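Peer 1: Fold the stuff below for me.
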Amino acid sequence: MNERQRQDYLEAMGIQPWFPRFVLPQAKPSVDCDWDFEADPVPSLQPAPVPQAVQAAVSHTPQPPAQTGGQPTWEVAPVSTGGVTPQASSNILSELGFASEEPEAKSSETEKKTASPEATSDIVTAEPFRLAVVDINESCLVVSDLPWSGLNQFTGYHQRLLRNIVRALELPADQEWKEGLFAWPLLTDTAPVDRAYAREAVMAYLNNQFGLKRRKTILLFGRNSCTHLWNHEKDFEQCLGVHERDDTRYGITSSLGELMSIPSMKADAWANLKALRPSAR
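Peer 2: Below is the predicted model:
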């Protein structure tokens, strides 16, 4: 039912749909309103008083030079950059309700640290790298570089080459090898990216996941493995070979990926690692 049909129905039934206000019971009479259209006078705004410090700062005006002998003499006064001295500006701020803040003086120790090149010598950004970790047995651990892009997994070809090397070195090996992968940088926005923190992160990962401290033989394949686990100050070529530290023997040579890409490097790798054989001691 639309509104037109509703009105026709009420009219046919004799029902009055609306009533004027004066017919309603207890209705009050209408009130006549007299509107005053005369605008109220707007009070004049008085200018705010100027602080005395502002008047004193800007009231100074240059005076014309005194005439001596018909020729004007000018006195050279120091040029002011803003016309207001620092003391006057601080007075103005204090009168206006603002506290003037004095810049904090840098301590001499901070300046020395900033100027000293030794403070920033070790803060060098570490390049992205990946390390494959293989648990050969309870006393032997292998860490090898992996390429950052492309084929970055420890494949069956890596395993086959590593098993041949372990067998040639006469090292005992378990049937099942535990493998791990360490990638740098870490997937956090707040972690530092310098080399020192990268070395700490690698050591923490190997100690927590593989018990690095209990290992007696550690094979390092690649430049990044050597840098973060053996020596970060020497060149990689100077670290090749077998070394011993804290009753742990380290064998350092090229990465497994390089040995597979360049077969001629296997002879150099064998020359670097053959001293690890028990029969060679």
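
Peer 1: for this structure, longest helix please?
Peer 2: For the chain, the helix with the greatest residue count under DSSP state H is helix 195-210.

Peer 1: for that helix, packing partners?
Peer 2: strand 129-135, strand 140-146, strand 178-184, helix 223-229 (3 or more CB pairs under 8 Å, 6 or more residues apart in numbering; DSSP states H and E). For the C-beta atoms, the positions are set from N, CA and C on the backbone; glycine is no exception.

Peer 1: could I get these as a markdown table with mean neighbour count, mean pLDDT and distance to Tyr9?
Peer 2: Converted to a markdown table, the helices and strands packed on helix 195-210 look like this (neighbours: other CB atoms under 10 Å; pLDDT from 0 to 100; distance: least, CB to CB, whole Å):
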| stretch | mean neighbour count | mean pLDDT | distance to Tyr9 |
| --- | --- | --- | --- |
| strand 129-135 | 22 | 94 | 85 |
| strand 140-146 | 24 | 95 | 88 |
| strand 178-184 | 15 | 91 | 81 |
| helix 223-229 | 23 | 94 | 92 |
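
Peer 1: do you know which of these lies nearest Ile252?
Peer 2: For these, proximity to Ile252 was assessed by CB to CB; helix 223-229 is nearest, at 5.2 Å.

Peer 1: C-terminal to the closest one, which secondary structure element comes first?
Peer 2: Following helix 223-229 in sequence order, the next helix or strand is helix 236-239 (DSSP states H and E).

Peer 1: one step back: quick one: which of the helices and strands packed on helix 195-210 is nearest Cys239?
Peer 2: Closest among the helices and strands packed on helix 195-210, once you apply CB to CB, is helix 223-229, at 5.1 Å.

Peer 1: neighbouring contacts of the helix or strand containing Glu11?
Peer 2: Taking DSSP H and E as the definition, Glu11 sits inside helix 3-12. For helix 3-12, contacts defined as CB atoms under 8 Å, 6 or more residues apart in numbering pick out 1, 16-17.

Peer 1: Leu259: which of these is nearest?
Peer 2: When those are compared for distance to Leu259 (CB to CB), Met1 wins out at 92.5 Å.

Peer 1: For that closest one, which non-adjacent residue is closest in space?
Peer 2: Among residues not flanking Met1 along the chain, Tyr9 sits closest, at 7.6 Å (CB to CB, 6 or more residues apart in numbering).

Peer 1: Same check on Asn207?
Peer 2: Lys213 (6.2 Å).

Peer 1: so Lys274 sits right up against Ala267, yeah?
Peer 2: No: between Lys274 and Ala267 there is no contact under CB atoms under 8 Å: 10.6 Å.

Peer 1: Compare the two and say which one has the larger neighbour count.
Peer 2: Lys274 (15 against 9; other CB atoms under 10 Å).

Peer 1: Which residue is the nearest non-sequential neighbour of that one?
Peer 2: Nearest residue to Lys274, sequence neighbours excluded (CB to CB, 6+ apart): Ala280, at 6.3 Å.

Peer 1: Check the spacing between that neighbour and Trp18 real quick.
Peer 2: Taking CB to CB, to the nearest Å as the measure, Ala280 falls 116 Å from Trp18.

Peer 1: Now flag whichever of the contacts of helix 3-12 is closest to Gln153.
Peer 2: Nearest to Gln153 among those, counting by CB to CB, is Met1 at 76.3 Å.

Peer 1: Next up, the contacts around Glu244.
Peer 2: With CB under 8 Å, 6+ apart, Glu244 has these contacts: Tyr250.

Peer 1: Going forward, count from 10.
Peer 2: I'll keep to 10 as the first residue from here, and by that count the last item is Glu253.

Peer 1: Quickly list what it is bridged to.
Peer 2: Arg258 (DSSP bridges).

Peer 1: Leu170 contacts Glu267, doesn't it?
Peer 2: No: counting by CB under 8 Å, Glu267 is not a contact partner of Leu170; they are 10.9 Å apart.

Peer 1: on that earlier part again, what values do phi and psi take at the residue nearest to Lys283?
Peer 2: Here is the backbone geometry of Ala289 (degrees, to the nearest 10): phi -90, psi -10.
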